[in-house]
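Asks: Turn this into a structure:
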Amino acid sequence: MTDPYALAGLGVGAGGALLALRAHVQFRRLRRDCTLLQGGAERSSFIVAAARTSSELEKLRLDVGALYREFDNFRAAVDESIRRVAVHRYDAFGEMGGRLSWSVALLDEHGDGVVLSAIVGRSDTRCYAKNMRRGTSEARLSPEEQQVVHAALRPTRLATIPAPSNPS
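Replies: All right, here's what the predicted structure looks like:
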């Protein structure tokens, strides 16, 4: 007859062989998955893939840092561009009609820029340009120029001063 110890040994051996086969199949699947993650390089080891991933992450960090610096430069350029504009047309003299005189403010985000004005009379037209620094001018501003600067510095991007209503 058969020895019970031999049968028990055969059963333990068969179970161990099945466990080893199962582990081998799982290991092959894991290696295949790692190969796919590494971009198809079949002979690359996991350590090489980790080093490659680390260097790619460092390159991404450098690229993101460069993008931040470029964005800061862009933001500074935008802040210094003419973004605040207002126009005001008016009658400078009672004798003239049609609101032919005008003032325009061309300012950046900080209130730096210029105020241009044209005063139209019957026989002549006078033009003025006044520098603006931080919303103020060294030259005296007319009431219309003050209005246009105030309108340009409001939070809106493009401001126009409404025409005065005629009481007649």
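
Asks: Could you chop the chain up by domain?
Replies: 4-78, 84-160 (automatic domain parsing).

Asks: Out of the ones you listed, which one sits most buried?
Replies: domain 84-160 (a mean of 16; mean count of other Cβ atoms under 10 Å). To be clear about C-beta, it is placed using only N, CA and C from the backbone, and glycine gets the same treatment.

Asks: Report the distance from that one to the chain centre.
Replies: Distance of domain 84-160 from the chain centroid (Cα atoms, centre = their mean, to the nearest Å) equals 32 Å.

Asks: now swap in stretch 23-37 and tell me
Replies: 42 Å.

Asks: tell me the mean pLDDT over that stretch?
Replies: Mean pLDDT, stretch 23-37: 82.

Asks: Same question for stretch 110-125.
Replies: For stretch 110-125, the mean confidence score works out to 88.

Asks: one step back: pick out the shakiest of the domains of the chain, pLDDT-wise.
Replies: With a mean of 78, domain 4-78 has the lowest mean pLDDT of the domains of the chain.

Asks: Residue 87 versus the residue nearest the centre of the chain, what's the distance?
Replies: The centre of the chain sits closest to residue 71, judged by Cα atoms, centre = their mean, with a distance of 6.4 Å. As for residue 71, its distance to residue 87 is 32 Å (criterion: Cβ to Cβ, to the nearest Å).

Asks: next one: residue 67
Replies: 37 Å.

Asks: Kindly list the main-chain dihedrals of residue 88?
Replies: The phi/psi pair for residue 88 (degrees, to the nearest 10) reads phi -140, psi 120.

Asks: For residue 108, give its distance to residue 152.
Replies: 10 Å.

Asks: what touches both of these two?
Replies: residue 84 (Cβ atoms under 8 Å, 6 or more residues apart in numbering).

Asks: which helices and strands does the helix or strand where residue 76 lies pack with?
Replies: In the assignment (DSSP states H and E), residue 76 maps to helix 46-79. Applying 3 or more Cβ pairs under 8 Å, 6 or more residues apart in numbering; DSSP states H and E, we find helix 46-79 packed against helix 4-37.
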